Structures are given as C-alpha cells and as structure tokens.
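Colleague: return a 3D structure for these sequence lines:
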Amino acid sequence: MYRALHRVCVPVTAGIPRGCVFVLLVAIIANAVSLGTLAFVQIAVYVNGREARVPYGARVAQALAAAGADLPAGDLIDADGAVLEVGGGNRAWVALNGARCELTDRIGPGDRIEVIPGTPIIESIVVETAETAQPFEIIGSGPFVKVRSPGAPGKVTVKRGLITGKVFESAESHEPSAMVVARFQYAVARKLVVLSFDDGPHPVYTPQILEVLRDEGVHAAFFVTGAQVAAYPGILKRIYAEGHEIGNHTYSHTLMESAPECDVLSEIQDTSELVERLIGSATRWLRPVGGALSAAYVHAAESTGHTLVLWNIDTQDWRAARDLGRSDEISMRVADAPPANGSVILMHDGGGFRGATVKALKAIIPALREQGYQFCTLSELWHFLGLDGRLTEAL
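Modeller: Numbers count the residues shown, from 1 in each chain. Coordinates of the predicted model:
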C-alpha cells in the first residue's frame, strides 16, 4: 500500500527540482500571511472632503459610516412651500471619484466620496374648473312654482395641490346668472281648495286627522318624510287606502336652502322608492322642507319627475307645538279671508303636538263648505285645470 501511495504522489513534483518545490511552498505561505495582514491595514479616503480611515478593501458604505455621513432625502413639499413630510422627497445618492456609485462598491487609498443630498418633491398642481353658487330669486307667493329663467352657475378655475387639496389660486371664468322662479296661483273657475299636511305620518295625530277627513268625506294631500314612513308604514298604507294623495317631503326633514343638490336628490329618491315599495306608486308631488325653495330643489324635482308644490295659506298650526297657538287661531287664519279658488292650505300631522290641528280641522271643513268650497287633491285640481280652469297666473 505504501508503494502505491508513493506512486500517486510522485507525479506532483515530477520534473521539479527539490529546491524549487521548497521555494514554491514558502511563496504560497507568504502570500496568505500578506493577505491576512492587509485586512488590518487602514487606508485614508475622503468623504465630503474630510479624511476617513477604513480597512483595506472596504466598501463605500463602510467609509460613510466611518465618517458619520448621512444620506439625507429631500422633503415632500406642498404647493405653498410648506413641508408635508420630512424625508419624503427624492433619495440621496453617492459619487465615487466623481462618478455615481453603489454603496457596495470597493474603495482604495485616496478615493474621494461625495454624498449628494436628495432633492425635494413638490406636490403636483392640478387645474380644475368648478361651479360657484348660483343666485336664486323667487317672485310671487302662490302654491305652484314655475321657472322663469334657469340662469346658470358661475365657473371658476381653481389650482390646488394634488396631495393636500389646498387651493392656492382661483379665478372666475364665468359669472353666474340667477335662477328666477315664480310662485303663482292658478285661477280656477270652481271654488276648490286643497288641504295638505306635512311631516307625517305620526302614530297619534295622523290617524285622528284621517278620522276627521273620513267623517267629512274629504280627500287631502299628505307630504310625508321617508324616516316617518319607515317608522310607520302601516299608517302610510292607510292614508293611501282611504283615497288621499301622497307627496314627498324628503327623507330626514333637514334639507334647507343651502343643502347641496346631491343630498336633496338622494333624499327625494329614497323617500319615493320607499313609498312605491309600500303602496305600489311613487310620489309625484314634492314640497321642500319648510318651503325652503332653492335651485337644488328645482333641479332635483326636474330630474326625478316631481312637481313642486308649496302653499298660499299657512295656518301656522306648527306654532301650537310651542304653546303659541290655539285651535281657534288656526281655523281663523283660513276663515277670516275667503281663499282664492285653487288655494293650497298648509297644516301638519307630524313634527310635534298636533292636537290643536285636529280640533281646528273639525271647524275649518264645515266653515269652508258653508262658503261654497269643495275639497280636492292636487291631482284632482290638475284635472279640473285641464277641463275648465283658466290657467292664468296671479302674481
């Protein structure tokens, strides 16, 4: 076995003098020692113009650490120059001997490293055209509404920050023109009046009012809110079943003149859809909350197929909810002056204490009948107008 092993080893040094083999081994050992020693040798490099010492064969990142050099990113800045986020801008980068480098690149003695700070990012500017509020004018005081002049909203060019939404420049590009609507009274040949009730259905007072109307053989218009309908669907069904007309009075009863059109439209649709699910018929008539007529209500009525209806006789029965009215005062507001033919009378079946309204109603109906008036719904009034009414406007 020894002789076989000897035969394998012989070719390694075959042809090389024994002295040369020794020199080769010494050179290999010396080189290894040299490399190990270099790992402990410190070299000088320059970071941002200042000397830093690092081990031989170090990388750029080690030099930056040795010099305590940061890599500052730029800031994110809004359109007005305010800082939105420190360090939210572009990242810093590093140059080695004037050329862009990576943090993992190796460096040698005398190399010069420079940190180039990140630049800020300024939020983008968007230019938009927005509509301004449209002036709104009302003339007349009748129950019905007609648009005399649609007008147009103004237009303004707005520059704003994409991130913050901050507006820093705006300029009017088109002046608004007013929408003008007329409240008017149709002159009807017959002595017809419409009783209308707002803010219901109410669990206590609506049934009482329905009983009075049933006993007197009178049909009326009930402008309901979606919230009350959702709470008392059975009463709504009773109103409809007894031959009365259902009008739309929004859902929440909170939308006044300043309400945006999208909110008005949404509440009208929600109420109409709820009513339709319950009685199979959507609402046709719309009365703004508190009579707060606005361009938003006009547009919403047009887009949903509703006809706007207000009133020309206000009984002010709502004052009784604040202990400021009595039933005789309510009835006198109707009986003191004969209503014009085709008048719409405003009362309330919801929204508070309506006991005075119920009592007054028992006096109002006989009093008007004695004067020769007949009671009808809004749709019936429309029918009479189409047959024998004089569609002249009393403004």
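Colleague: okay, the nearest residue to His174 once chain neighbours are set aside: pLDDT?
Modeller: Leaving aside its chain neighbours, His174 sits nearest to Lys155 (3.9 Å; criterion: Cβ to Cβ, 6 or more residues apart in numbering). C-beta here means a position set from N, CA and C on the backbone, and glycine is covered the same way. Lys155 carries a pLDDT value of 90.
Colleague: Lys155: neighbour count?
Modeller: Counted with other Cβ atoms under 10 Å, residues neighbouring Lys155 total 14.
Colleague: can you give the domain ranges for this structure?
Modeller: With domains defined by automatic domain parsing, the chain comprises 42-122, 125-138+149-177, 183-394.
Colleague: so which of these is the most surrounded?
Modeller: domain 183-394 (a mean of 19; mean count of other Cβ atoms under 10 Å).
Colleague: where do the helices sit along the stretch 101-250 of the chain?
Modeller: With helices called from DSSP state H, counting those that start in this stretch, the stretch 101-250 of the chain shows them at 205-216, 226-231, 233-241.
Colleague: OK, contacts around the nearest residue to Phe40 once chain neighbours are set aside?
Modeller: Once flanking residues are discounted, Phe40 sits nearest to Pro55: 7.1 Å by Cβ to Cβ, 6+ apart. By Cβ atoms under 8 Å, 6 or more residues apart in numbering, the contact set of Pro55 is 39-43, 62.
Colleague: rewinding a little: with distance to Ile364 and mean pLDDT added, can I get the helices of the stretch 101-250 of the chain in a markdown table?
Modeller: Below are the helices of the stretch 101-250 of the chain laid out as a markdown table (distance: least, Cβ to Cβ, whole Å; pLDDT from 0 to 100):
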| stretch | distance to Ile364 | mean pLDDT |
| --- | --- | --- |
| helix 205-216 | 10 | 98 |
| helix 226-231 | 23 | 98 |
| helix 233-241 | 19 | 98 |
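Colleague: closest one to Lys166 among the ones you listed?
Modeller: Closest approach to Lys166 among the helices of the stretch 101-250 of the chain is made by helix 226-231 (37.2 Å; Cβ to Cβ).
Colleague: tell me how far the closest one lies from the chain's centre.
Modeller: Centre-to-centre, helix 226-231 and its host chain are 24 Å apart (Cα atoms, centre = their mean, to the nearest Å).
Colleague: 394 is where my numbering starts, stick with that
Modeller: Sure, I'll start numbering at 394, so the last one becomes helix 619-624.
Colleague: related to what we said a few turns ago, hey, least reliable of the domains of the chain by pLDDT?
Modeller: domain 518-531+542-570 (a mean of 87).
Colleague: check the separation of the first and last residues in it.
Modeller: By Cα to Cα, to the nearest Å, the extent of domain 518-531+542-570 from end to end equals 30 Å.
Colleague: and stretch 504-513, by the same measure?
Modeller: 29 Å.
Colleague: how near is the residue nearest to His567 to Glu562?
Modeller: Note on Lys548: its distance to Glu562, by Cβ to Cβ, to the nearest Å, is 15 Å.
Colleague: over to Ile515?
Modeller: From Ile515 to Glu562 the distance is 15 Å (Cβ to Cβ).
Colleague: circling back to that earlier point, between the contacts of Pro448, which is nearest Leu701?
Modeller: Gln455 (79.0 Å).
Colleague: so what's that closest one up against?
Modeller: 447-448.
Colleague: 7 Å instead, please
Modeller: Val447 (Cβ atoms under 7 Å, 6 or more residues apart in numbering).
Colleague: what's the closest non-adjacent residue to Ala485?
Modeller: Leu464 (4.1 Å).
Colleague: from what I see, that neighbour and Ile509 are in contact.
Modeller: No - contact criterion Cβ atoms under 7 Å: Leu464 and Ile509 do not qualify, at 9.3 Å.
Colleague: which residues do those two both contact?
Modeller: Joint contacts of Leu464 and Ile509 (Cβ under 7 Å, 6+ apart) are Ala485.
Colleague: related to what we said a few turns ago, which among the helices of the stretch 494-643 of the chain is found nearest to Tyr766?
Modeller: helix 598-609 (12.3 Å).
Colleague: contact partners of the closest one?
Modeller: Residues contacting helix 598-609 (Cβ under 7 Å, 6+ apart): 590, 593, 613, 628, 631-632, 635, 742-743, 747, 750-751, 754-755, 758.
Colleague: now swap in stretch 546-553 and tell me
Modeller: Against stretch 546-553 from outside (Cβ under 7 Å, 6+ apart): 518-527, 559-569.
Colleague: filter these down to just the ones in strands.
Modeller: Mapping those onto strands (DSSP state E) picks out 518-524, 560-567.
Colleague: ok, Ala756 to Gly491 distance?
Modeller: Counting by Cβ to Cβ, the gap from Ala756 to Gly491 is 101 Å.
Colleague: for the strand or helix carrying Ala753, name the packing helices and strands.
Modeller: In the assignment (DSSP states H and E), Ala753 maps to helix 748-763. If you count contacts as 3 or more Cβ pairs under 7 Å, 6 or more residues apart in numbering; DSSP states H and E, helix 748-763 packs onto helix 598-609, helix 720-728.
Colleague: now those in JSON lines, with distance to Val622?
Modeller: Formatted as JSON lines, these follow (distance: least, Cβ to Cβ, whole Å):
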{"stretch": "helix 598-609", "distance to Val622": "11"}
{"stretch": "helix 720-728", "distance to Val622": "25"}
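Colleague: which one of the ones you listed lies nearest to Ser772?
Modeller: Nearest of the helices and strands packed on helix 748-763 (Cβ to Cβ): helix 598-609, 16.2 Å.
Colleague: no further queries at this time; thank you.
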